[in-house]
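Engineer: Kindly return the folded structure for what I paste below:
(one chain, ligands or ions: 1)
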Amino acid sequence: MRLAKVWQRLLGVERTVVEQVVFDEDDGVIVASVRPRKGATRRCGICGRRCSWEDRGEGRRRWRALDLGAIPAYLEADAPRVRCAEHGVIVAQVPWARHKARHTTAFEDQCAWLAAHCSRSAVEELLRIAWRTVGAIVTRVVADAHARHDPLEGLVRIGIDEVAYKKGHRYLIVVVDHVSGRLVWAAAGRDKKTLNLFFDALGKSGCARLREVSADGAEWVADVVHSRCLNARLVMDAFHVVQWATDALDEVRREVWNAARRDLGDKVLADRLKGCRYALWKNPEHLTKRQRGKLAWVAYSNARLYRAYLLKEELRLAIRMKGEEGIRLLAHWLNWASHCRIDAFVDLARKIRRHRQPIEDALRSGTSNALIESTNTKIRVLTRVAFGFRSPDALIAMAMLAVGGCCPDLPGRQTQPRLELRAAA
Ligand SMILES: [Zn+2]
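Structural biologist: Numbering: from 1, shown residues only. Here you go, the predicted model:
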């Protein structure tokens, strides 16, 4: 292999001529002078069409490449401008980096992969870049992936959900494909206008193809879905129903706790009740031995709170059973909850009656709640990880990497056949 080819491989570039490589003593970095190969010159930075030369632009500039061993590396090249018939005067495309990027494509892909797999501090430290730069990079990587594969193609069953971020001050609308379990669309906002943007992007034929749309029971979502998706049935996202029951249970726990603390002045009892929060909240099959003990103590010492717990569990069971069995259990639950004389659950029974049809439809549908729930949980975790990003676009891009199937392969691994190393016999 010729030396120039070796450098090309080391720097992770294609369709590029490596003219010279020097070690910059002042900055302690390796700088490779490069230029696009013949066919790759004078192309529009956006559409890649061949254009006429305009001017030298801002002269020579550098792109950060992957480190070579432990030493930071840069590519250096001219950055001329061209005149595109569609995009006007624009910086010419280069084969080693995305448009407007200050890092090479290999660097950006590695950065995106790391962002999806490692902690924030690990990415910052390993790549020597700020978290905000990571945000800009993942946004570009995801836009690139979506340009190559449209995530809205062929959708049949989707789920629409709202996710809070910035400590609950802002919201995202997220759309998940129930078939693949992937996040396919997200935007900042929580209103009809924003949701309509999704159906605009999906287009008329895309909307007509939808058969089932699940949502959290919000009226504004139902309005938009009914006006845009004429062939789709709107069903309830069942895990939201379980969430309502958990919230109602928590309300009862707080009431009992407050009564112990304030009215009875019993601090020991109040503290013990406070310590039961997770035991009441978790699914019984996941309880630790200690938590099971706490639950037994609630059953023994506080009949009202324990009844609320059983109400939550029966509703969860109905949702989990699904089908006609689940629907029968739901009817039993409604009857029980309506007469339980615990305000939070009487209110919940009323709410569930209001949404009974879409909930029953959800129980009849084959959609896996576990899949949607896990995708939604992952997105909620990400809203905390991505807190340092300035724009919601970066948060959305992070979610697309993690649960949207947009994470690139590590550089140099895409076409490599799997090598099997065997010791000589
Ligand atoms: Zn163009």
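
Engineer: what are the ranges of the strands in the stretch 51-200 of the chain?
Structural biologist: 52-55, 60-68, 71-78, 81-84, 88-91, 157-165, 170-177, 183-188 (DSSP state E, counting those that start in this stretch).

Engineer: what packs against the fifth one?
Structural biologist: Using 3 or more Cβ pairs under 8 Å, 6 or more residues apart in numbering; DSSP states H and E as the contact criterion, the secondary-structure elements in contact with strand 88-91 are strand 81-84. Where you see a C-beta, it was placed from the backbone N, CA and C, and this is true even at glycine.

Engineer: now the strand it packs on: mean pLDDT?
Structural biologist: Computed over strand 81-84, the mean pLDDT rounds to 96.

Engineer: Can you list the buried residues in the helix or strand bottoming out on mean pLDDT in the chain?
Structural biologist: The helix or strand of the chain with the lowest confidence, counting by mean pLDDT, DSSP states H and E, is helix 369-385 at a mean of 78. Applying a neighbour-count criterion of 16 or more other Cβ atoms under 10 Å, one finds 369, 371, 372, 373, 375, 376, 379, 382, 383, 385 buried in helix 369-385.

Engineer: Make CSV out of those and add distance to residue 32.
Structural biologist: As requested, those are exported to CSV (distance: Cβ to Cβ, whole Å):
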residue, distance to residue 32
369, 52
371, 46
372, 47
373, 48
375, 42
376, 45
379, 40
382, 36
383, 39
385, 34
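
Engineer: thinking again about what came up before, and of the strands of the stretch 51-200 of the chain, who's closest to the ion?
Structural biologist: When these are compared by Cβ to the ion, strand 81-84 sits nearest the ion, at 3.3 Å.

Engineer: Provide the strand pairings for the closest one, with the direction of each partner.
Structural biologist: strand 52-55 (antiparallel), strand 88-91 (antiparallel) (DSSP bridges).

Engineer: just these: most buried one?
Structural biologist: Of all the strands paired with strand 81-84, strand 88-91 carries the top mean neighbour count, a mean of 16, counting by mean count of other Cβ atoms under 10 Å.

Engineer: rewinding a little: for the least confident helix or strand of the chain, packing partners?
Structural biologist: With contacts defined as 3+ Cβ pairs under 8 Å, 6+ apart, the packing partners of helix 369-385 are strand 157-165, strand 170-177, helix 238-258, helix 392-403.

Engineer: Kindly reformat the strands paired with strand 81-84 as a markdown table and extend each row with distance to the ion.
Structural biologist: A markdown table is the format used below for these (distance: least, Cβ to the ion, whole Å):
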| stretch | distance to the ion |
| --- | --- |
| strand 52-55 | 12 |
| strand 88-91 | 7 |
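
Engineer: want to throw these into CSV with mean pLDDT?
Structural biologist: Shown next, in CSV, are the strands paired with strand 81-84 (pLDDT from 0 to 100):
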stretch, mean pLDDT
strand 52-55, 94
strand 88-91, 95
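
Engineer: Can I get the ones you listed in a markdown table including distance to residue 270?
Structural biologist: Conversion of these to a markdown table gives the following (distance: least, Cβ to Cβ, whole Å):
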| stretch | distance to residue 270 |
| --- | --- |
| strand 52-55 | 74 |
| strand 88-91 | 66 |
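
Engineer: The ion contacts on the chain?
Structural biologist: Residues of the chain lying close to the ion (Cβ under 5 Å from the ion) are 44, 46, 47, 84, 86, 87.
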